[in-house]
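Enquirer: Sharing a model that was predicted from the sequence below.
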Amino acid sequence: MLRHFQGKSRLSIWSLVFIGIFAFLVFLPGRASTPPFDRDEPRYMEATAQMLESGNFVDVRFQDKPRYLQPAGIYWLEAASVALSGTLHDRAVWAYRVPSLLAMSASVAITAWMASVLFGASAGFFAAAMLMASVLVTAESRMGTIDSTLLFSVMLAQVALVRVLLDREARRVTPIKTALLFWGAAGLGLMLKGPVILIPTLGTVAAFCLTERKADIWRRLRPGWGWIVSLVIVLPWCVAIGVVSHGAFFSNAVGTNFLGKVASGQQAHGLPPGYHLLVFLLAFWPGSFFVVAALPVVWRNRLTPAVRYLLCWIIPHWLVFEAIATKLPHYVLPTYPALAVLTAGALAQGDPVWRNWPKALWARVALCVYGGLWTITGLALSVAGPVLLWRLEGQLSLPAFILAGGCGPLVIISAVMLVRSELIKAFVTSATCALLLYAGLFTVVVPKLHSIWLAPRLAALAETYRPCGDKTQVISVSFSEPSLVFLLGGKVKLLGAQAAARLMHNDKACTVALVAQRDREAFVTALGDDKADLLSRGMVTGLNYSNGHHLAISLYFLAQQSN
């Protein structure tokens, strides 16, 4: 049976530090060599760069347009990282990704602490490994977006809740600092992504109180004054942006962005309920199978305080984001630490727990099917590197084949161990496989996928010909991804063929245009008499992975510029 907030052994502070450092090193490869991921990441990066260049830390903008989607917290964190690293003018992507790296590493260490406190030291190691090995965590930790830092704020709030539950179990008074931590973390989350933080924080508390039919943990959080702590953190910026935007931020961020996602799918991400369950197999791989395998153990212990608490963290958040119309895999990321802790608690009981399970035939069939899908997913991830390099680049990479040759057998060995009900051995083997796989993909494969990294090559092409130096006007007709805007220092106009032709006509000496073959006819026609002077400097071909379009883009200028 799972323990009730009384693990016999807990991880020491040095063990937690080691786990945090290990997670840091796991998430480090590929951070500098991987170009910006379209489309969200370079929007954060460019808005942050403009914030530093303009000195305006209130009104967030992407080029000349306000970016009223969420508060300024993530931009401040990235701005601090870029300013401290001195890389603003270099547009070095790694500096913008440092907050995500630190936040995710800390979240892994907190997850280990939480599992250790609830279920013992071995559970702490299992939970940390399960979280850091998951596909979604691996991806999010390497991107300069908001989700890793939001997860960290969720984890801080959950640390406070665990402390409250431990105090109640020991019949001692909860200190004020615990309440300050909870409401401070909520305030941090509000500054990062607005009211979304309230779902995994207040939602967990509400669900726990409802299932217990008493509100003592709520009272221990000092709600009478605690909310003021959150307000103190977020209110100054809210007042400032309200004045600067004349209220437009709140109508757009809350009315359009937040509530709009509830009512309808935004940006072609509208999907039916059940999406997150389907994606979970891949997003939490290799831990996804072990979560499913642990369900009977969790169900038998659902009324114990530790399991009840974790279920109250997971279920409300998951249901909310299955219900809203807009769905993206990272929306349920705040539940992943709880799933890791819950599953690790079951794994820590040892192999005897799994010897005679499942007993029902339908359960055996279901678990067998899910295990088969899990194995296929692992094998697909293992061979992804050489397959992508061959299909996209026409390369036969020896390091990629070595990587696949090493990881594929580990997946098969893990599957054999699952058949034998040796879940702990299978988990250790598959987690090791995952960590090796990710390190290889981000160091060997991803940087070599030149055909999908159009923005860096287009930016390099534009830099080869600047007739007027920094005053050269660059126009992009056929590629409007924010990664190009960021890599060109924000100094590029995204226009249609006719508008681009007019601008080139008005400033013939200092204007160049990036135009794809598909748009060339419209662009040339719009140039009129100037088309006779049109010359090409070079061409970049590749795949725009954001929309699946194959592009051949040339840099055009007018002949009189060459004089």
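Expert: Looks like it came in fine. Numbers count the residues shown, from 1 in each chain.
Enquirer: Give the rounded mean pLDDT of stretch 197-207.
Expert: Here stretch 197-207 scores 97 as its mean pLDDT.
Enquirer: which of the residues in it are buried?
Expert: By 16 or more other CB atoms under 10 Å, the buried positions in stretch 197-207 come out as Ile197, Ile199, Pro200, Thr201, Leu202, Gly203, Thr204, Val205, Ala207. Every residue, glycine included, has its C-beta placed from N, CA and C.
Enquirer: so of these, which ones are in helices?
Expert: Per DSSP state H, helices hold the following members of the buried residues of stretch 197-207: Leu202, Gly203, Thr204, Val205, Ala207.
Enquirer: Let me have the residues you listed in TSV, extended by distance to Glu140.
Expert: Below are those laid out as TSV (distance: CB to CB, whole Å):
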residue	distance to Glu140
Leu202	23
Gly203	21
Thr204	21
Val205	25
Ala207	25
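Enquirer: Check which residues of stretch 46-65 are buried.
Expert: In stretch 46-65, counting by 16+ other CB under 10 Å, buried: Glu46, Ala47, Thr48, Ala49, Gln50, Met51, Leu52, Asp59, Val60, Arg61, Phe62.
Enquirer: Quick one: residues contacting Leu136.
Expert: When contacts are counted by CB atoms under 8 Å, 6 or more residues apart in numbering, Leu136 touches Ala283, Phe284, Pro329, His330, Leu333, Tyr336.
Enquirer: in a helix, that's where the fifth one is, yeah?
Expert: By that I understand Leu333. Yes. Looking at Leu333 with DSSP: H, G, I helix; E, B strand; the rest coil, it is inside a helix.
Enquirer: Run through the residues that contact it.
Expert: For Leu333, the contact set (CB under 8 Å, 6+ apart) comprises Leu136, Val137, Glu140, Asp147, Leu150, Leu151.
Enquirer: wait, Thr375 sits on Val416?
Expert: No. Thr375 is beyond contact range of Val416, at 9.7 Å (criterion: CB atoms under 8 Å).
Enquirer: between those two, who's got more neighbours?
Expert: Thr375 (18 against 13; other CB atoms under 10 Å).
Enquirer: now stretch 148-164: how far from the chain's centre is it?
Expert: Relative to its chain's centre, stretch 148-164 lies at 17 Å (CA atoms, centre = their mean, to the nearest Å).
Enquirer: Number the chain from 348, please
Expert: Got it, the first residue is 348 from now on, which makes the last one we talked about stretch 495-511.
Enquirer: Please spell out which residues along it are buried.
Expert: Buried residues in stretch 495-511 (16+ other CB under 10 Å): 495-511.
Enquirer: for stretch 733-744, same thing?
Expert: Neighbour-count burial for stretch 733-744, counted by 16+ other CB under 10 Å, picks out Pro733, Leu735, Leu736, Leu739, Gln742, Ser744.
Enquirer: mind giving me JSON lines with these and columns for secondary structure and distance to Glu425?
Expert: Listed next are these as JSON lines, based on DSSP: H, G, I helix; E, B strand; the rest coil; distance: CB to CB, whole Å:
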{"residue": "Pro733", "secondary structure": "helix", "distance to Glu425": "34"}
{"residue": "Leu735", "secondary structure": "helix", "distance to Glu425": "29"}
{"residue": "Leu736", "secondary structure": "helix", "distance to Glu425": "31"}
{"residue": "Leu739", "secondary structure": "helix", "distance to Glu425": "30"}
{"residue": "Gln742", "secondary structure": "coil", "distance to Glu425": "34"}
{"residue": "Ser744", "secondary structure": "coil", "distance to Glu425": "33"}
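Enquirer: between the residues you listed, which is closest to Val688?
Expert: Lowest distance from Val688 to these (CB to CB) belongs to Leu735, with 33.6 Å.
Enquirer: Could you pull up the residues touching the closest one?
Expert: Going by CB under 8 Å, 6+ apart, Leu735 touches Val792, Leu796.
Enquirer: go again using 10 Å as the cut-off
Expert: Contacts of Leu735 were listed using CB atoms under 10 Å, 6 or more residues apart in numbering, and they are Gln742, Ser744, Ala747, Leu788, Val792, Val793, Lys795, Leu796, Ser798, Ile799.
Enquirer: Out of the residues you listed, flag the one nearest to His897.
Expert: Nearest to His897 among the contacts of Leu735 is Ser798, at 9.0 Å by CB to CB.
Enquirer: Please name the nearest non-neighbouring residue to Ala459.
Expert: Ala475 (3.8 Å; CB to CB, 6 or more residues apart in numbering).
Enquirer: now the one you found: how far from Met451?
Expert: 12 Å (CB to CB, to the nearest Å).
Enquirer: And Leu568, by the same measure?
Expert: The gap separating Leu568 from Met451 is 26 Å, by CB to CB.
Enquirer: helix or strand right after the helix or strand hosting Arg510?
Expert: Here Arg510 sits within helix 494-516, counting by DSSP states H and E. Using DSSP H and E, the helix or strand that follows helix 494-516 towards the C-terminus is helix 523-540.
Enquirer: quick one: that following helix to helix 494-516, angle?
Expert: Per axes from the mean of the first three to the mean of the last three CA atoms, to 10 degrees, the angle that helix 523-540 makes with helix 494-516 is 160 degrees.
Enquirer: Export the buried residues of stretch 544-554 as CSV, with columns for distance to Thr525.
Expert: Shown next, in CSV, are the buried residues of stretch 544-554 (distance: CB to CB, whole Å):
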residue, distance to Thr525
Ile544, 18
Ile546, 21
Pro547, 17
Thr548, 14
Leu549, 16
Gly550, 19
Thr551, 15
Val552, 13
Ala554, 19
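Enquirer: in what helix or strand does the residue nearest to Ala587 when sequence neighbours are not counted lie?
Expert: Among residues not flanking Ala587 along the chain, Val405 sits closest, at 4.7 Å (CB to CB, 6+ apart). Assigned by DSSP H and E, Val405 belongs to neither a helix nor a strand.
Enquirer: any common contacting residues for Ala475 and Met451?
Expert: Ala370.
Enquirer: Pro446 - how many residues pack around it?
Expert: 23.
Enquirer: and it, what does it touch?
Expert: Counting by CB under 10 Å, 6+ apart, Pro446 makes contact with 420-421, 423-428, 491-493, 495-496, 499.
Enquirer: ditto for Val509
Expert: So Val509 contacts Phe352, Ile457, Trp460, Met461, Val464, Leu465, Thr525, Ala653, Tyr656, Leu657, Val688 (CB under 10 Å, 6+ apart).
Enquirer: Nearest to Arg849 among these?
Expert: Looking across the contacts of Val509 and measuring by CB to CB, the closest to Arg849 is Ile457, at 55.4 Å.
Enquirer: Remind me what the host helix or strand of Met398 packs against, helices and strands.
Expert: Using DSSP H and E, Met398 sits in helix 387-401. With contacts taken as 3 or more CB pairs under 10 Å, 6 or more residues apart in numbering; DSSP states H and E, helix 387-401 sits against strand 408-409, helix 420-432, helix 440-466, helix 829-834.
Enquirer: Please work out the average pLDDT along it.
Expert: Averaged across helix 387-401, pLDDT comes to 97.
Enquirer: Find out how far that helix is from the centre of the chain, if you would.
Expert: Centroid separation for helix 387-401 versus its chain: 17 Å, with CA atoms, centre = their mean.
Enquirer: Export it to CSV, keeping only CA atoms.
Expert: The C-alpha trace of helix 387-401 is given here as CSV (Å, rounded to 0.1, in the frame of the first residue of the first chain):
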residue,chain,number,x,y,z
ASP,A,387,5.7,31.0,-30.7
GLU,A,388,9.3,30.9,-29.6
PRO,A,389,10.7,33.6,-31.9
ARG,A,390,7.7,35.8,-31.1
TYR,A,391,8.8,35.8,-27.4
MET,A,392,12.4,36.3,-28.5
GLU,A,393,11.7,39.2,-30.8
ALA,A,394,9.4,40.9,-28.3
THR,A,395,12.0,40.5,-25.6
ALA,A,396,14.7,42.0,-27.8
GLN,A,397,12.5,44.9,-28.7
MET,A,398,11.8,45.4,-25.0
LEU,A,399,15.5,45.7,-24.3
GLU,A,400,16.2,47.9,-27.3
SER,A,401,13.3,50.3,-26.5
